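1. sharing a sequence plus its predicted fold:
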8 protein chains.
Amino acid sequence: MGSKVAIIMGSDSDLPVMKEAAEILDEFEVNYELTVVSAHRTPERLYNYAENAEENDFDLIIAGAGGAAHLPGMTAAVTNLPVIGVPVKTSKLSGLDSLYSIVQMPPGVPVATVAINGAKNAALLAVQILARKDLELRKKHKEYRKNMKNKVLATAKSLEELGYKEYIERSEKFAD
Amino acid sequence: MGSKVAIIMGSDSDLPVMKEAAEILDEFEVNYELTVVSAHRTPERLYNYAENAEENDFDLIIAGAGGAAHLPGMTAAVTNLPVIGVPVKTSKLSGLDSLYSIVQMPPGVPVATVAINGAKNAALLAVQILARKDLELRKKHKEYRKNMKNKVLATAKSLEELGYKEYIERSEKFAD
Amino acid sequence: MGSKVAIIMGSDSDLPVMKEAAEILDEFEVNYELTVVSAHRTPERLYNYAENAEENDFDLIIAGAGGAAHLPGMTAAVTNLPVIGVPVKTSKLSGLDSLYSIVQMPPGVPVATVAINGAKNAALLAVQILARKDLELRKKHKEYRKNMKNKVLATAKSLEELGYKEYIERSEKFAD
Amino acid sequence: MGSKVAIIMGSDSDLPVMKEAAEILDEFEVNYELTVVSAHRTPERLYNYAENAEENDFDLIIAGAGGAAHLPGMTAAVTNLPVIGVPVKTSKLSGLDSLYSIVQMPPGVPVATVAINGAKNAALLAVQILARKDLELRKKHKEYRKNMKNKVLATAKSLEELGYKEYIERSEKFAD
Amino acid sequence: MGSKVAIIMGSDSDLPVMKEAAEILDEFEVNYELTVVSAHRTPERLYNYAENAEENDFDLIIAGAGGAAHLPGMTAAVTNLPVIGVPVKTSKLSGLDSLYSIVQMPPGVPVATVAINGAKNAALLAVQILARKDLELRKKHKEYRKNMKNKVLATAKSLEELGYKEYIERSEKFAD
Amino acid sequence: MGSKVAIIMGSDSDLPVMKEAAEILDEFEVNYELTVVSAHRTPERLYNYAENAEENDFDLIIAGAGGAAHLPGMTAAVTNLPVIGVPVKTSKLSGLDSLYSIVQMPPGVPVATVAINGAKNAALLAVQILARKDLELRKKHKEYRKNMKNKVLATAKSLEELGYKEYIERSEKFAD
Amino acid sequence: MGSKVAIIMGSDSDLPVMKEAAEILDEFEVNYELTVVSAHRTPERLYNYAENAEENDFDLIIAGAGGAAHLPGMTAAVTNLPVIGVPVKTSKLSGLDSLYSIVQMPPGVPVATVAINGAKNAALLAVQILARKDLELRKKHKEYRKNMKNKVLATAKSLEELGYKEYIERSEKFAD
Amino acid sequence: MGSKVAIIMGSDSDLPVMKEAAEILDEFEVNYELTVVSAHRTPERLYNYAENAEENDFDLIIAGAGGAAHLPGMTAAVTNLPVIGVPVKTSKLSGLDSLYSIVQMPPGVPVATVAINGAKNAALLAVQILARKDLELRKKHKEYRKNMKNKVLATAKSLEELGYKEYIERSEKFAD
């Protein structure tokens, strides 16, 4: 049977960031469950969710939170599964508070931390981890990387051919 | 019956900081229990400790932790008692990580945060809170403040009379 | 007779933040007085306000300020009541200046500091403190927490049932 | 055949930090290779090492570096294996430079970042990842966690029984 | 034969910043090539580009990148040419992550770092460097500086004559 | 004869900030000259301006600049007059770069630094300094402070009478 | 009659920093009074000290404090005299907390802030201010600057003549 | 005739850092002059030194300074030569103040900034720049890089052969 990932977040206001993890897992056809688990408003739920994650057949957990972001670390404290933490950007301290709260875990209980708002990379890291026991996934990931590389090469070529002025004019990206 | 305070910390390495809270409560003759509760290494213990704190007759909880300091916030998530958080200084980020992890709590679950390594003030804040329902304690706190003030006034007087050179020479504080 | 809380702030420009404290106290039916006390422009008023707070039957003071935020700490220096400090976000240093000015109090005079712009939590902390001597308030606070939890559970259920795409589409929150 | 981990670091001056990863892998009887690969002084070596890691039967790479710490991110750019990054503390910016250089990777190429100097947690994270395809390792990790928990519980019990004064006196940890 | 500069950047989203370097080199009639080289998505391209830069007759390389900005440092590791690094501002950490990733290079491999988003200065620094072996360029640079100075003097004169109120009113710069 | 103040700034883009200094001096009827002096683009002008300031009958200099803000410190290095420095907010580092560049002067050459964008306070500080030798100015400053205080008291009174809801509704300040 | 300066500090532990201000005033033969005034432990004393400073014939006040450093700003709020603030370095946040608490004053009440631990410069700034109405002091200050310059020129000459190796060997400064 | 470099620093206390630049230039047999030029204590000297650097046959200037570090930027403002800036670590803000003061130069006047205390890299950057017009130097630099690489390879080999325990034991570096 295939792998399964849990994507949890502290609040539905984290969805615009965290849905990027789901989109990647969709693209790689990895099963996942996405829901809200609030460390501070539903601590029992956090406890139960993490406690049962392994026997609920999850292989790893992606947890996103902002501010005093305790969800990833507390989940990691309760489960034996690997936990990937996504520090969500905050309006006050730009996500520095989220980053420090997630990455600075004490010896014994790691959280695999990605960049501020890095939900996409959290899912790609999950794919890389799951791919260690899934050759199909490994192949897809190699493909994904190749496409990524080719897109950059195409951009470079186009930029070199057009020159930067023309390139900027033609690109929708730089339109106001 | 009198008030009771719980002083908890993430590791016994926080003792040199957190014992200052105990010393103040000793001075004010407030009952307390001091122990280690690790959010990350003993999450069930944290859950149970906080869950039962109110029926174990505690009035409030002082919680100190460093780094990704989840103990105060998670305790506050589980109990309805007021929680005072002490960010413990860390060797890497000077306690900024501890401070952000403790103070930046989301709406709904506050932690009354004091200064980095501010365990003494955590206990004084506890005294001020408990004094709202304990006239004797209120009196002691007033006395404490008066003594504190008088000590500063005596220092000022001595410094003015001796001049700063003489004062520095006489003071053990500035001896190497 | 019931409890009474003072909500003070350095300037009326802090009102959009600090009114959230008033809204919570309204919800819990806790008496309060809300006004402006400027540490720097009206130091005598600060002094008198804090000096008389206890005999004016206040139980605690919530003080919000931004920048070189001296109001909470100076109020705490003059009164024996517990003081809760709210660091107000600033346009230049994002409220880091406010946070450091409020939380880093010296031994002897604590300020119970909440998150940047955390006026709502300041009021909830006040409720938790006042509830230590008011069983009715304690019951209300338990109820408040339960509702908060249930709201998260409902969100989680709805998100799980709809899936994140449908959920985002239906939610006004994410509409542009 | 069992799993294999690469532990690489930018300089032998990172050894006192990075050896903690090796010690954990020794304890879990996980095969590993530990060596120095400098992103800046030996870029070809970095390229070759990462390029061949998968066919050299490595399952994942732990990479530690300080300052403008490019080793983990560049390794992750070349290999398809999961890469765990350890920001090494620096004498100038306390490891903030290392942390930002490692964790803030762009979309497409994640590095699983642990705490500043968190080499021990890097290895534990590796164990958790490898345990997904190795039941024996999963059992050992559960055991490890249990021992960790029991050690905290014993500390707590001893502290409660002795009282903090006696505890501090008896502990070597706090001896000068 | 004249000098030639490479302007490379990690992504075409850096173009609005990096094109200012091209504009300066256009103004000074210095040959350049501008393209995209992604350290993380096209590491072989980075390696090859840097490896061949010298025999491709480049005299120096201007490299801009944001976040975990490894392009300038890795380019500097592979080539013997001087590398000028431009830390591109990021939406999360304002470019502090870019700055630290670029400037904090270890002993042995320098990157000449300019201000956050300082692509214009990167090109002017390139001009100053190339001018050491190109008297014509030296003359142009002197001229450029003189014009810059004269523009400031004209501004000052105009401001002094009009007064600040009139000056602000007349200037388009301050129109909403 | 009366006092005279120089208000200088690094660029006319600093005018929206620095004109607040002029407005205060206008209000206090203190003579001043306002102009642009760029430390980096017109170093001779800076040198001459500062060198001659005293014999041009200036009493003190207010200097505002942003980023690597060298104008205040270099002016202070050349003149014997007191120099007040205004760190201008920058789009990249929020003025932290300006603040550090201005306030962290080495022993021997002070700059009296005010808040980020604090041009108004720079002028008020100038008034306080000049008032030491001008009784008329001293009287005006006392009056200014009294008015400031009265405005706060009126705000407080109005807020207390109307209640915060009514107050917010009536105030233009909070209208969108 | 001559000028008089007040040097106040929050605690006698600030003396090793603040005495440098006294030493400069001794050198310039400016009258001063040095004492301890704690904003938080003796708020009435602060109020009275600042309230009476002008009629006690002080011309300006130098105030040093660390952490949540309210002494300079509150003194400035009460007196009309110019106040120079010295942020004292702290063991936790290196004096950043002190700096922000002192320099980020709101419009209306400036504090002339010098560098962290910059007590010497605070006194030199005081001398520059007092020199505006004291020709003798102006002369001494010019002399002081000249000596300072000559000392640097002598150092430069010695270093150039000896070469850096010899210079380092001969200098006590670099001896271990 | 060969190239010549000026190494200047704000104070002789910067010598232990800045001498590393001299050592590299000695190694590469590049002529240099090393001296003290204080931006704040000897502004005329700075002006003259920079003004005459080009006709004194210097090819570039390495300037190191700490705190409000104006020396590199002001030198760059006066001369047309390339200026390399070395932010010297400070005891209060760890060199962040130096870094911001040096790197955040405004458009028009670049300073090629290296790492905090990165004097060695400043000299290597100078060598790379001078090598553009000096084939002999280019050869030496290639050699230097090769040796650097070989040293890392030897370290790696020794570490791999001995194992980390043996390696640490044998190395003096890790002896206490």
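-> Yes, it's here. Numbering: from 1, shown residues only, chains lettered A, B, ... in the order given.

2. residue of chain A nearest chain F, please.
-> Nearest to chain F in chain A, going by Cβ to the nearest Cβ, is A:Ser94, at a distance of 10.4 Å. For glycine as for every other residue, the C-beta is placed from the backbone atoms N, C-alpha and C.

3. what sits against the residue nearest to that residue when sequence neighbours are not counted?
-> With sequence-adjacent residues excluded and distances taken as Cβ to Cβ, 6 or more residues apart in numbering or on different chains, A:Ser94 is closest to E:Lys92, at 5.8 Å. Neighbour list for E:Lys92: A:Lys89, A:Ser94, A:Gly95, A:Ala115, A:Ile116, A:Asn117, D:Gln104, E:Gly67 [criterion: Cβ atoms under 8 Å, 6 or more residues apart in numbering or on different chains].

4. could you list which of the residues you listed belong to helices?
-> In helices, judged by DSSP state H, none of those are found.

5. tell me where chain A has helices.
-> Assigned by DSSP H, the helices in chain A fall at A:15-27, A:43-53, A:71-78, A:96-103, A:119-130, A:135-162, A:164-170.

6. which of those comes out lowest on mean pLDDT?
-> Mean pLDDT across those is lowest at helix A:164-170; the value there is a mean of 94.

7. check whether that one contacts chain E.
-> Yes. For helix A:164-170, a contact with chain E is found by Cβ under 8 Å from any Cβ of the partner chain, at A:Tyr164, A:Lys165, A:Tyr167, A:Ile168.

8. what about the first one, distance to chain B?
-> For A:Tyr164, the distance to chain B under the criterion Cβ to the nearest Cβ, to the nearest Å works out to 40 Å.

9. out of the residues of helix A:164-170 next to chain E, which are buried?
-> Buried members of these, scored by 16 or more other Cβ atoms under 10 Å in any protein chain shown, are A:Tyr164, A:Tyr167, A:Ile168.

10. reformat these as a markdown table; add distance to chain F.
-> Compiled in a markdown table, these are given as follows (distance: Cβ to the nearest Cβ, whole Å):
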| residue | distance to chain F |
| --- | --- |
| A:Tyr164 | 23 |
| A:Tyr167 | 25 |
| A:Ile168 | 21 |
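
11. show me the two of the residues of helix A:164-170 next to chain E that sit farthest apart.
-> In terms of Cβ to Cβ, these reach their longest pairwise distance at A:Lys165 and A:Tyr167, which sit 7.1 Å apart.

12. so which bits of stretch A:53-60 are buried?
-> A:Ala53, A:Phe58, A:Asp59, A:Leu60.

13. how about stretch A:5-25?
-> A:5-15, A:17-22, A:24-25.

14. out of the buried ones among the residues of helix A:164-170 next to chain E, which comes closest to chain H?
-> Nearest to chain H among those: A:Tyr164, at 18.7 Å, using Cβ to the nearest Cβ.

15. surely that closest one is in contact with E:Lys19?
-> Yes. Here A:Tyr164 reaches E:Lys19: they are 5.2 Å apart, a contact under Cβ atoms under 8 Å.

16. list residues touching both of those two?
-> Taking Cβ under 8 Å, 6+ apart as the contact rule, A:Tyr164 and E:Lys19 both touch E:Leu34.

17. now, which of the contacts of E:Lys92 sits nearest chain B?
-> A:Gly95 (10.5 Å).

18. can you list the residues of chain A near chain E?
-> A:89, A:94-96, A:115-117, A:148-149, A:151-153, A:155-156, A:159-160, A:163-165, A:167-168, A:171, A:173-174.

19. drop anything exposed from these.
-> A:89, A:94-96, A:115-117, A:148-149, A:152-153, A:155-156, A:159, A:164, A:167-168, A:171.

20. for the closest residue to A:Lys89 other than its chain neighbours, what are its contacts?
-> In space, and not counting its chain neighbours, A:Lys89 is closest to A:Gly95: 3.9 Å by Cβ to Cβ, 6+ apart. Listed by Cβ under 8 Å, 6+ apart, the contact set of A:Gly95 reads A:Gly66, A:Pro87, A:Val88, A:Lys89, A:Ile116, A:Asn117, E:Lys92, E:Leu93.

21. give me the pLDDT for the fifth one.
-> In other words, A:Ile116. In this model, A:Ile116 is scored at 98, pLDDT.

22. could you measure from it over to chain C?
-> For A:Ile116, the distance to chain C (Cβ to the nearest Cβ) stands at 15 Å.

23. tell me the contacts of that residue?
-> Going by Cβ under 8 Å, 6+ apart, A:Ile116 touches A:Pro87, A:Val88, A:Lys89, A:Ser94, A:Gly95, A:Ser98, A:Leu99, D:Gln104, E:Lys92, E:Leu93.

24. for chain C, what are the nearby residues on chain A?
-> Within reach of chain C by Cβ under 8 Å from any Cβ, chain A has these residues: A:11-13, A:15-16, A:19, A:22, A:33-38, A:41-42, A:45, A:67-68, A:92-94.

25. now do the contacts for A:Ser101.
-> A:Ser101 makes contact with A:65, A:67-70, A:73, A:87, B:68, B:70, B:97, B:100-101, B:104, according to Cβ under 8 Å, 6+ apart.

26. before we move on, what about A:Ala22?
-> Under the criterion of Cβ under 8 Å, 6+ apart, the neighbours of A:Ala22 are A:Ile7, A:Tyr32, A:Leu34, A:Ala123, C:Tyr164.

27. now, which of these sits nearest chain E?
-> Lowest distance from chain E to the contacts of A:Ala22 (Cβ to the nearest Cβ) belongs to A:Ala123, with 16.5 Å.

28. what's the burial count for the closest one?
-> Neighbour count of A:Ala123, defined by other Cβ atoms under 10 Å in any protein chain shown: 29.

29. that one touches A:Gly64, doesn't it?
-> No. Checked against Cβ under 8 Å, the pair A:Ala123 and A:Gly64 is beyond contact range at 11.0 Å.
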